[in-house]
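Asks: Sequence first, predicted coordinates after that:
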Amino acid sequence: MEMLTIKNLKKVYTTRFGGNKVEALTNISFSVEEGEYVAIMGESGSGKTTLLNILASLDKPNSGEILLKENNILFMKEKDLASFRREHLGFVFQDFNLLDTFSLKDNIFLPLVLSGEDYKEMNNRLIPIAKSLKIDHLLEKFPYEVSGGEKQRAAVARALITKPEIILADEPTGALDSKATGELLNVFSEINKNNQTILMVTHSTTAASHASRVLFIKDGEIFHQIYKGELTNRQMYEKISHALTLIATGGNKNE
Amino acid sequence: MNKMFYSKLAINNIKKNKNTYFPYILSSTVIISLFYILHAISQQVVGGNFFGVGTMSTILNFGVYTEGIFSIIFIFYTNSFLIKQRKKELGLYSVLGMEKKHISRVLLWEVVYSGGISLLIGILSGVLFGRLMFTVLLNILNLSTSIEFSISIKSIITTMILFISTFGLVMLFNIIRTYMTNPIDLIKGDKKGEREPKTKWLMSIVGFIFLGIGYYLSLTIKNPINSINVFFIAIILVIFATYLLFTAGSITCIKILRKNKKFYYNKKHFISVSSMIYRMKQNAVGLTNICILSTAVLLTLSSTISLYVGMEDIMRTRFPYDVMTNYKYDGEENEEIEKLILNNAENYDVNVNDMVNYKRFSTVVYLDENRFTIDEMKFNNKSMEDMYEANLFTLEDYNKYEGKDTVLNKDEILIYTNTGDFDYNSLNIYDKKLKIKDQVEDINFVSGMNIFNTINIIVPDEKVLNELATIISEKEGIENHVYYEYNFNLDGKKDNKIEFVTELNSNLKESIENFESIEDIYTNRDDFLSVYGSLFFIGLFLGTMFMVATVLIIYYKQISEGYEDHDRFVVMQKVGMSKDEVKSTIKSQVLMVFFLPLVTAIIHLMVAFPAVTKILALLNLTNKKLFLGFTGLIILVFVLVYGIVYSWTSRIYYKLVK
């Protein structure tokens, strides 16, 4: 069953002075199955972040369609978008985006509190998630008191606690050291095994090699895709590296 | 060349930071020009030659000192805001390879330019508006004097010395600050995760206790003469309490709220509660200052304006009649007096109206419950609260001038006290016991001071009056007499009236043997004008300066909040709040932060109100309604100004956040 379907997405930015037009996304179409773990790769400026912002409904495309299950999120009103985002999407960001003024526990509770959940229910949901992410002993601490890896795990917990249909991760390993990166990717694989759909944007080959499918984006278009199938992480890593080299050296559309 | 570089960089910095620099320069300019004007005016007045010049120059001098001290404090305070804002920028300079001495040189030039501009424009506008303000003062004082307002070189020099040294200190402070910090700290500035403030139970409790004691003291002040010290203690306690409660108390309260899970984990409170802890931590001191300044503005303006406007009332309490003359009574009244007054009036082309003529015996007594006492032992332990000015009148005079037809038996009296109801059936004037028939209203035809407790006693006839006078004089061992008075109003030209009074005075001295004293409202009015008018004038200056400082602090607070809230705004949106939700939570917090000091100031003012009313009564202002009205008006104006400043700075704030 298709969880997320994207059709003919196009986004053009107009620069503030001079009116130059920059095409961030030319024509993007793909879909994500339920329980799938998809990584999107591409160089800086390829349109990755624009794509993710549009999926997160933080930005609007010029044309195209986005269907999350049956809902076309582009037709939603600004008012409903916030709660939609909160209840159906989970976000993990490169720079964690935890609020300094909250303890980790309160940071994780934030989306639930905004949805008006009661405290008991929130606590019941938190305990198993915190245990599986190994942050149950850190819940009362504040973001400035814990390490980057721990912060990111708290952010994952915040994304999971609303039981979202899909998790959108934007360079989740970007600010982590290699050990913390490894741990976080294991966490992602783990939650994916429990049938959690994940869409991750990254330019780390290591991160992408954990995904079940990797999409390559270049100059605002889907350029190539690789399925993991039965490959090991290591084999997948090599395959991705190969593809990246190919993309970097040849096949420039504008040549 | 090198030198030029630093000064150019400094100019550039000022231009680039115009959001923070412009208000700083503007407010310094206003403060400097206010100081110059006040100083110049006080110089002119000292040199002047008119009635009341002595008291006026004392009051103006006091104003100059106060204004000077606060000017220095404000410039320092605003500078520290300014330099905090620019931490990051200064850090960047060091990263780009500027040494501390180079940065210091840039800062030095910045102070030279910003200070120089403020000083120049300040003095220029001071010279320009000085004449206007001087005219305002003369109008307030109702003076037509020949002094011309000229540019005062001495004032210019004093202003220059004061503010050049202030800016010099500011410069020193900035340079020391640069040397004390390292570039990484400067760059990171506020980025470092801030520790959650600890709950300070002790400070909060002490704050509450101080506030309680301060309020209690202020509310229970009965007689301001005895308790002026108490009132000052109350003020100091409340200032401390405000500081403690804003810094520690607020955080403790919010943390208690946070402990309540049901309250805290609610969409409406969740974000506000947690961010308020940090907001209060960062802003407590600034908010305390705003609160205390606001209270000062409100108090100064409302009391000085009331005094000034209520002056005619004050005069009328003190002088129920324009001219009051007083003679010793020795059994009969001299009928020549009235003739003399009327003759003189004719000569000076003035009309005598409403003449009253009554007998009176006055003394100071200690009242022990319902007994006059002079017990030596008790005297020493007696406070002024039991001291009364006692006035005895005859029923005949009372009925005649109050339009009554009361009848009294031989041992009956009527009584009035200004200290509330007198709950006794009888009054013992030493050994003489008198029955109180009734309590009456204040007697209008008598001059009142209201500083003292007063007891007015109306006795059946002249015989009783004389009898009581003898008893009291004997007991007190002081020679005291019954006096009679001729009091009246005058119509005519002011100069004629004054000449009339002078002439009458010498005539009475010459031809009336028992003549004691003559008082008139005219010269006294000028005297009062010079005191209350100057107080009002100083009140306007100090009020304006406090207002400028308050506005500036609010402005800087908003800007610094805006920069910090920007990041939070982004995160909250990403986590699933709509733009409107984020905007409304931020708005409610900012609103709370900025209106907290205003609300507190108004509460302080309301608590101080009864005490201030009593102090004003000491200055003869007994019209509570007038004071209440002006206090209300001033609060209204202040809230309006505050609101305008708030909404104006909010717009800048939202620009920063977006």
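Replies: Cool, the structure landed.
Asks: Look up how far B:S275 lies from the nearest residue in space to B:K262 that is not next to it in sequence.
Replies: Nearest residue to B:K262, sequence neighbours excluded (Cβ to Cβ, 6 or more residues apart in numbering or on different chains): A:Y119, at 6.9 Å. C-beta: built from backbone N, CA, C; applies to glycine. Per Cβ to Cβ, to the nearest Å, A:Y119 is found 20 Å from B:S275.
Asks: between these two, which one's more packed in?
Replies: B:S275 (20 against 15; other Cβ atoms under 10 Å in any protein chain shown).
Asks: I'd guessed that one sits against B:Q589; true?
Replies: Yes - counting by Cβ atoms under 8 Å, B:S275 touches B:Q589, with 6.0 Å between them.
Asks: For chain B, what's the nearest residue on chain A?
Replies: Residue nearest to chain B within chain A: A:Y144 (2.5 Å; Cβ to the nearest Cβ).
Asks: Just confirm that residue is within a helix.
Replies: Yes - A:Y144: assigned to a helix according to DSSP: H, G, I helix; E, B strand; the rest coil.
Asks: Send over stretch B:459-466 as CSV, restricted to the C-alpha atoms.
Replies: What follows is stretch B:459-466, C-alpha atoms only, in CSV (Å, rounded to 0.1, in the frame of the first residue of the first chain):
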residue,chain,number,x,y,z
VAL,B,459,-18.9,76.9,74.8
PRO,B,460,-22.3,78.4,75.8
ASP,B,461,-21.1,82.0,76.4
GLU,B,462,-18.3,84.4,77.0
LYS,B,463,-18.3,83.8,80.7
VAL,B,464,-17.5,80.1,80.3
LEU,B,465,-14.9,81.0,77.7
ASN,B,466,-13.1,83.3,80.1
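Asks: which outside residues touch it?
Replies: B:359, B:361, B:392-396, B:408-410, B:412-413, B:434, B:468, B:482 (Cβ atoms under 8 Å, 6 or more residues apart in numbering or on different chains).
Asks: Among the residues you listed, name the buried ones.
Replies: By neighbour count, with 16 or more other Cβ atoms under 10 Å in any protein chain shown, the contacts of stretch B:459-466 hold B:359, B:361, B:392-395, B:408, B:412-413, B:434, B:468, B:482 as buried.
Asks: What's opposite the closest residue to B:D421 other than its chain neighbours in the beta bridge?
Replies: In space, and not counting its chain neighbours, B:D421 is closest to B:Q439: 6.7 Å by Cβ to Cβ, 6+ apart. Beta-bridge partners of B:Q439, counted by DSSP bridges, are B:I415.
Asks: So B:Q439 sits against B:I415, correct?
Replies: Yes - taking contacts as Cβ under 8 Å, B:Q439 lies within contact range of B:I415: 5.6 Å.
Asks: who has more neighbours, those two?
Replies: Between B:Q439 and B:I415, counting by other Cβ under 10 Å, B:I415 is the more crowded of the two (18 against 12).
Asks: ok, now which ones touch A:I240?
Replies: Counting by Cβ under 8 Å, 6+ apart, A:I240 has contacts A:41, A:205, A:208-209, A:214, A:226.
Asks: For the stretch 101-250 of chain A, give me the ranges with low pLDDT.
Replies: Residues of the stretch 101-250 of chain A that meet the criterion pLDDT under 70 lie in A:250.
Asks: of all the residues in it, which ones are close to chain B?
Replies: Contact residues, the stretch 101-250 of chain A versus chain B (Cβ under 8 Å from any Cβ of the partner chain): A:101-102, A:106, A:109-111, A:113-116, A:118-119, A:122, A:142-145, A:158.
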